[in-house]
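# What shape does this take:
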Amino acid sequence: MDQAETVSADWPVSMGDMAAQAPIDARMRENGSVAARLVVASSLMLFLELALIRWLGANVVHLSYFSNFVLLGSFLGVGAGFLISRKSWSIIPVSLPLLTILVIGVLKFPVSIERSGSDVIYFTSLTISGPPAWLALPVVFALVAVILAGPAEVVGRCFGRIPPLWAYRYDLIGSLIGIVAFSALSFMQAPPICWGFIVVSVYLWLTDRRRRMVACAWSFALILMLGAETLSPGVSWSPYYKIATQEVPDIGAAEKGFLLIKANGVPHQLMAPAQWKIRQGERIYETPYLRLPGNSLESLLIVGAGSGSDVAIALKEGAKHVDAVDIDPRILQIGAEKNIDRPYASSRVTRHVNDGRAFLESTDRKYDLILFALPDSLTLVSGASQIRLESFLFTKEAMESVRRHLKPNGAFAMYNYYREKWLIDRLAGTAASTFGHAPCVDTFDDAQAVIAVAMRQTDQRCKQAWGVSADQRVAPATDNAPFLYFKGGSFPPLYSVTLFAILGASLLAVRGLGGPIRQMRPYADLFFMGAAFLLLETKNVATFALLFGTTWFVNALVFAGVLVVVLAAVETTRKLRTPPLPVVFAGIAASLAIAWYVRPEWLLPLPFYPRLITATVLAFLPIFLANIAFAKRFQESSDSQSAFAINLLGTIVGGCLEYAALFTGYSNLLIITGLIYLVAFLLVPRASSRFA
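Alright, predicted model coming up:
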């Protein structure tokens with residue numbers, strides 16, 4: 001029964017009734033205060049988690065190679081905070097100071113990639129400055145965990161004072177507020193100082209009055225550092241990157257207009273006059289036109305148009321119309337404002353802010369030439385391998401989509417700084433299998449490569465046709481396994497060591513804060529539910545990225561949608577009689593089986609709204625049922641803090657298991673998810689009232 005229903009609405013009342021009513025009113029006021037504090041703290045928790053993921057990824061180059069590293073540290077911190085909430089001591093007083101120390105440390109000891117001389121142009125030799133990875137990553141992971149444990153402790157203490165499902169409900173509402181607020185700031189391209197003002201305001205509201213002056217001092221230091229970063233010359237923020245622009249002195253030429261654009265500290269592109277780029281030897285820009293000399297260039301699509309150099313060259317080559325696509329609105333804006341050739345001012349050019357694959361799937365237009373012009377150019381750093389889980393632009397299915405969007409005499413070309421011969425061979429092999437004949441492949445300086453292929457082989461003019469024996473070919477990336485930079489074979493050792501270290505640290509934290517593991521046996525099923533849920537969420541993010549684009553907006557919608565569905569499951573459990581757990585778990589298994597059977601590529605040809613509705617049902621039905629099961633178990637927990645902490649710590653295992661997709665593909669993650677839910681079902685205590 002709702003607490004509000006315990007209060008009689010009759011009037012007038014006797015003095016005795018009023019005396020009896022007073023404790024109820026006091027309890028309701030207290031619960032309302034606890035609920036408000038819980039919502040605010042959970043909003044801070046998620047907002048701070050997203051802010052740290054964005055900000056640290058922009059300033060610590062090592063984190064480019066561990067995309068979910070900060071996320072896993074956040075999960076550990078939130079779980080630890082819930083366990084601490086049962087203790088007599090508190091970690092809240094050190095959370096804000098450690099956040100300030102982290103920001104100061106990162107800005108004072110930056111991890112950057114140095115360039116000098118021609119490296120500014122060719123990006124061939126990389127030297128990482130700053131703390132080494134073996135030092136920076138553990139420190140960042142530990143600090144993130146302790147920082148997030150602060151607001152999580154506040155949420156955990158609130159959990160202990162109101163019924164479990166009510167607490168979970170308010171936690172979800174707060175989380176939804178946090179993600180919507182941060183997404184809105186991303187949309188507005190707000191700098192970190194805006195994030196900082198929100199974070200410190202909430203910290204100060206949550207801080208005990210006796211410590212508020214000290215908290216104000218730490219807040220001032222934090223805002224001061226973020227303000228200095230925000231006001232740095234040439235620095236701006238897009239929804240994806242920290243963008244830094246720097247004017248480059250004339251490089252052996254009289255022309256003006258050289259601008260180096262860095263994204264997250266890595267040189268991303270050199271904006272320079274188109275004529276200079278061709279004349280001074282950056283031959284990747286002119287090679288597609290040399291290899292495809294008969295192309296009419298009536299209609300071009302350039303994916304990765306960036307600051308406009310590729311567009312300017314296309315216009316100089318005689319292109320009649322260019323669709324210029326780039327995922328980052330800020331880089332397009334810089335090109336429109338500062339590119340000396342003014343390509344985006346031309347009436348022959350149309351700009352599109354979109355993911356390249358999503359644009360291909362949404363347009364019916366056919367082109368004479370499609371160029372992939374250095375998209376995803378932050379891919380590889382010398383001496384390091386990177387697994388990009390989000391790229392669907394270079395898969396076999398993407399290449400087939402390119403072919404469908406070409407006119408009968410059309411052609412396709414891509415160029416980039418690939419650095420690895422096997423990577424060039426993989427892409428060339430993908431083009432060969434799609435177009436039915438070998439493409440032209442030109443390499444320059446062992447780093448740059450141009451792959452060009454026409455619909456008709458007779459329209460190509462190859463200096464040297466590509467050829468690799470069948471036993472040496474690397475299989476193409478696919479939509480199910482879009483891991484272009486993962487050659488296959490063994491699991492990258494650096495990832496193995498890191499993931500085992502994360503699991504070890506998590507185990508020690510649980511043991512140290514929660515006591516002997518066997519004492520948590522009653523909630524073992526909730527641990528496995530957490531692991532399975534994160535895998536399910538990972539699969540859904542990948543599916544929606546494929547169907548609607550790898551954009552910040554799509555990701556934000558997915559995460560917000562997950563929270564809404566979880567909240568709906570909680571409200572359903574709270575207000576309605578739901579089926580027993582065996583029936584709910586059977587529903588989870590059935591919905592996972594359907595989602596596994598229906599391939600995402602079957603949905604791509606559908607119009608937008610039917611595709612959205614179908615994808616939403618397939619993705620969120622198992623999430624809804626899984627959270628019905630969780631809510632039924634969580635509702636009867638005698639120790640809601642421990643139960644929720646164990647569930648959150650299970651998500652760390654799920655976050656590590658997502659790398660299994662390197663070998664299984666994304667679709668088969670659903671099989672692993674189903675097996676984990678089976679383990680969770682087998683571990684549900686049979687004495688549970690929800691089992692009947």
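# Start and end of stretch 567-581, how far apart?
End-to-end distance for stretch 567-581, by C-alpha to C-alpha, to the nearest Å: 19 Å.
# now what about that stretch, what contacts it?
Stretch 567-581 is contacted by residues 165-166, 168-169, 172-173, 176, 584, 587, 623-633, 635, 681, 684, 688, 690-692 when judged by C-beta atoms under 8 Å, 6 or more residues apart in numbering. Heads up, the C-betas are built off the backbone N, CA and C, glycines and all.
# Quick one: mean pLDDT over it.
Averaging pLDDT along stretch 567-581 gives 92.
# Show me which residues of it are buried.
567-570, 573-574, 578, 581 (16 or more other C-beta atoms under 10 Å).
# next one: stretch 312-326
Within stretch 312-326, the residues scored as buried using 16+ other C-beta under 10 Å are 312-315, 317, 319, 321-326.
# and of these, the nearest to residue 278?
Closest approach between those and residue 278, by C-beta to C-beta: residue 313, at 6.7 Å.
# Tell me which stretches of the protein form strands.
Secondary structure of the chain (DSSP state E): strands at 112-114, 127-129, 235-237, 242-247, 259-263, 266-271, 300-303, 322-326, 349-353, 367-373, 406-417, 440-444, 448-454.
# rank the ones you listed by pLDDT, which is bottom?
Ranked by mean pLDDT, those bottom out at strand 112-114, with a mean of 57.
# ok so, going back, could you pick out the buried ones from the contacts of stretch 567-581?
Applying 16+ other C-beta under 10 Å to those, the neighbour count classes 165-166, 168-169, 172-173, 176, 584, 587, 623-633, 635, 681, 684, 690 as buried.
# which one of the strands of the chain lies closest to residue 600?
Ranking the strands of the chain by their distance to residue 600 (criterion: C-beta to C-beta) puts strand 300-303 first, at 20.5 Å.
# quick one: contacts of the closest one?
So strand 300-303 is contacted by 310-311, 314, 319, 321-326, 356, 359-360, 365, 367-373, 375, 393, 405 (C-beta under 8 Å, 6+ apart).
# one step back: just the ones in helices from the buried ones among the contacts of stretch 567-581, please.
Residues of the buried ones among the contacts of stretch 567-581 located in helices (DSSP state H): 165-166, 168-169, 172-173, 176, 584, 587, 623-633, 635, 681.
# ok, now how distant is residue 677 from residue 640?
Per C-beta to C-beta, to the nearest Å, residue 677 is found 22 Å from residue 640.
# Isn't residue 673 up against residue 532?
Yes - the pair residue 673 / residue 532 is scored as a contact, 4.9 Å apart, by C-beta atoms under 8 Å.
# how many other residues sit next to residue 344?
The number of residues packed around residue 344, counting by other C-beta atoms under 10 Å, is 21.
# Once you drop chain neighbours, what's closest to it?
The shortest distance from residue 344 to any non-neighbouring residue, by C-beta to C-beta, 6 or more residues apart in numbering, is to residue 336 (4.2 Å).
# Run through the residues that contact the one you found.
Residue 336 is in contact with 308, 344-345, 351, counting by C-beta under 8 Å, 6+ apart.
# need those residues in JSON lines with distance to residue 651, can you?
Formatted as JSON lines, these follow (distance: C-beta to C-beta, whole Å):
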{"residue": "308", "distance to residue 651": "42"}
{"residue": "344", "distance to residue 651": "43"}
{"residue": "345", "distance to residue 651": "49"}
{"residue": "351", "distance to residue 651": "39"}
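# are any of those buried, and which?
Among these, those classed as buried by 16+ other C-beta under 10 Å are 308, 344, 351.
# could I get those as JSON lines with distance to residue 506?
Shown next, in JSON lines, are the buried ones among the contacts of residue 336 (distance: C-beta to C-beta, whole Å):
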{"residue": "308", "distance to residue 506": "46"}
{"residue": "344", "distance to residue 506": "48"}
{"residue": "351", "distance to residue 506": "45"}
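# from the residues you listed, which single one is nearest residue 86?
Once C-beta to C-beta is applied, the member of those that ends up nearest residue 86 is residue 351, at 54.6 Å.
# Once you drop chain neighbours, what's closest to the closest one?
Using C-beta to C-beta, 6+ apart and skipping residues adjacent in sequence, the residue nearest residue 351 is residue 324, 5.2 Å away.
# Could you give the bridge partners of residue 353?
Beta-bridge partners recorded for residue 353 (DSSP bridges): residue 326.
# Report how many residues lie close to residue 230.
Residue 230 has 17 neighbours, counted by other C-beta under 10 Å.
# Contact partners for it?
Residue 230 makes contact with 191-193, according to C-beta under 8 Å, 6+ apart.
# how near is it to residue 189?
Residue 230 is 12 Å from residue 189, by C-beta to C-beta.
# Over to residue 566?
Counting by C-beta to C-beta, the gap from residue 566 to residue 189 is 29 Å.
# Name all residues that make contact with residue 68.
Residues in contact with residue 68 (C-beta under 8 Å, 6+ apart) are 655, 658.
# cutoff 10 Å now
53, 74-75, 389, 502, 534, 538, 655-656, 658-659 (C-beta atoms under 10 Å, 6 or more residues apart in numbering).
# for residue 601, same thing?
395, 397, 400, 478-480, 546-547.
# what's the answer for residue 216, then?
Contact partners of residue 216, counting by C-beta under 10 Å, 6+ apart, are 96, 200, 203-204, 207.
# Point out where the stretch 101-250 of the chain drops to low pLDDT.
For the stretch 101-250 of the chain, the stretches with pLDDT under 70 are 112-128, 250.
# again, only this time at 80
By pLDDT under 80, the low-scoring segments of the stretch 101-250 of the chain are 111-134, 249-250.
# Distance of the residue nearest the centre of the chain relative to residue 544?
Among the residues of the chain, the one closest to the centroid is residue 555, at 6.8 Å (C-alpha atoms, centre = their mean). Going from residue 555 to residue 544 by C-beta to C-beta gives 8 Å.
# Just the buried positions in stretch 594-602, please.
Buried residues in stretch 594-602, counted by 16+ other C-beta under 10 Å: 595-596, 600.
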